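J.: pasting a predicted model and its sequence here:
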2 protein chains.
Amino acid sequence: MIVLASKSASRQAMLRDAGVAFEARPADLDERAIETAMADALPSDIALALAEAKALAVTDESHLVLGSDSLVVVDGRRFDKPASRDNAAEHLRYFSGKIMQLHSGAAIARDGEVVWHHAAAAHLHVRELSERFIADYLEREWPAVGYCVGVFRIEALGVQLFERIEGDHFTVLGMPLLPVLGALRDLGELPA
Amino acid sequence: MIVLASKSASRQAMLRDAGVAFEARPADLDERAIETAMADALPSDIALALAEAKALAVTDESHLVLGSDSLVVVDGRRFDKPASRDNAAEHLRYFSGKIMQLHSGAAIARDGEVVWHHAAAAHLHVRELSERFIADYLEREWPAVGYCVGVFRIEALGVQLFERIEGDHFTVLGMPLLPVLGALRDLGELPA
């Protein structure tokens, strides 16, 4: 069994579907402080730093602790979860016709030390979205997408936002699962 | 509404999740005959021909008909669904450490004519699988994977087979969904 230092439903679902035994124990962390301190860093480095900080924020003497984080950047601008439905519509208008960069980081700590980390990125080509589409989309997807930095759930209507996706699907879901599983095998947590 | 000329549960789930209204009406088709006639063709051409044949095999005067098919090729050898649990283990032993090519085709017919088609491929790097892993995997995944040509469900334990996946996730699930959605928008079936 491992400890997942995240309250993200999609990361929990990924591990569960993959057959990894885990206990979710969200890290109590001031993410804003880390992000502010790293304002000029590369998005992938920020995602990695947040993943490591989460993995280190949960103490467990007998289990590996997995931390993960992801960031959305469009045209050099960082996006957080939308604060309201109107804000979500603004984000979608901004994303329209642009490439969304999704950076995700993962880190594994053992006995309070980071023993593995990995960063991955995906590029999502957002098609030109009409006002009518945006209104209809939020009518059906709000408030669920209020928890999503990219204002989409790829496993639901969100797939209609994109004309093309480059990069790993699990990174799009919020965690680079294949490298995580590889690390868990290397660390003796999963059978090879 | 469209007609999906397929009984595949994963294709139905993909359309449903994406918010596409459809009715599943599986094509009554001699797939073997088409495959035999095309024995020397490229896998992508065979997948496309089967997708088109399915789309044309279902007649509907007022709806678009979507057909889709996918093929698995490893080291130049075509793989069908495993006939038994022992056969599934043989397939997995053969896949171990190799690259699995997954070819998927989709076609849309209107009034008995193919108006759009698309082929896509994904490469799945299978890691070295131990006998113990294969036995444990089939203990948990059989008989569900008996319906899968690649002996895996990527949304379940199947993800543990791979160290890396290149290519579109929806192609891995059995249908290149993003191009299909684009075609449905172009054909006026989905709002832009």
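T.: Here it is on my side, so go on. Numbers count the residues shown, from 1 in each chain, chains lettered A, B, ... in the order given.
J.: stretch A:23-35 spans what distance, first to last residue?
T.: Across its full length, stretch A:23-35 reaches 26 Å between end residues, using CA to CA, to the nearest Å.
J.: next, the buried residues of that stretch.
T.: Within stretch A:23-35, the residues that qualify as buried are A:R25, A:A27, A:L29, A:I34, A:E35, counting by 16 or more other CB atoms under 10 Å in any protein chain shown. The way it works is simple: take the backbone N, C-alpha and C, and place the C-beta from them, glycine included.
J.: next one: the second one from chain B, what distance?
T.: When distance is defined by CB to the nearest CB, to the nearest Å, A:A27 is 25 Å away from chain B.
J.: give me phi/psi at that residue?
T.: The main-chain torsion angles of A:A27 are listed as degrees, to the nearest 10 and equal phi -70, psi 140.
J.: hmm, back to that, ok, the buried residues of stretch A:23-35 vs chain B, which is closest?
T.: Within the set of the buried residues of stretch A:23-35, A:R25 lies nearest chain B; the separation is 23.1 Å, counting by CB to the nearest CB.
J.: who's in contact with that closest one?
T.: A:R25 makes contact with A:V3, A:L4, A:A5, A:V58, A:D60 under the criterion CB atoms under 8 Å, 6 or more residues apart in numbering or on different chains.
J.: show me which pair in those residues is furthest apart.
T.: In the contacts of A:R25, two members sit farther apart than any others by CB to CB. They are A:L4 and A:D60, at 10.9 Å.
J.: neighbour count winner among the two?
T.: The residue with the greater number of neighbours, taking A:L4 and A:D60 and applying other CB atoms under 10 Å in any protein chain shown, is A:L4; the counts read 27 against 17.
J.: who are the contact partners of whichever residue of chain A sits closest to chain B?
T.: Among residues of chain A, the one nearest chain B by CB to the nearest CB turns out to be A:H169. It sits 3.4 Å away. A:H169 makes contacts with A:A122, A:I154, B:I165, B:H169, B:V172, as judged by CB under 8 Å, 6+ apart.
J.: and the helices in chain A?
T.: Secondary structure of chain A by DSSP state H: the helices cover A:9-17, A:31-37, A:43-57, A:85-95, A:131-141, A:169-173, A:177-186.
J.: show me what A:G105 is bridged to.
T.: Here A:G105 sits in beta bridges with A:D69, A:A119, going by DSSP bridges.
J.: is it correct that it is in contact with A:K54?
T.: No - with contact taken as CB atoms under 8 Å, A:G105 and A:K54 are classed as non-touching, separated by 9.5 Å.
J.: who touches both of the two?
T.: Common contact partners of A:G105 and A:K54 (CB under 8 Å, 6+ apart): A:S68, A:D69.
J.: so how far does stretch A:87-104 reach from one end to the other?
T.: Across its full length, stretch A:87-104 reaches 23 Å between end residues, using CA to CA.
J.: would that stretch count as contacting chain B?
T.: No - using CB under 8 Å from any CB of the partner chain as the criterion, no contacts between stretch A:87-104 and chain B are found, and the smallest distance is 11.1 Å.
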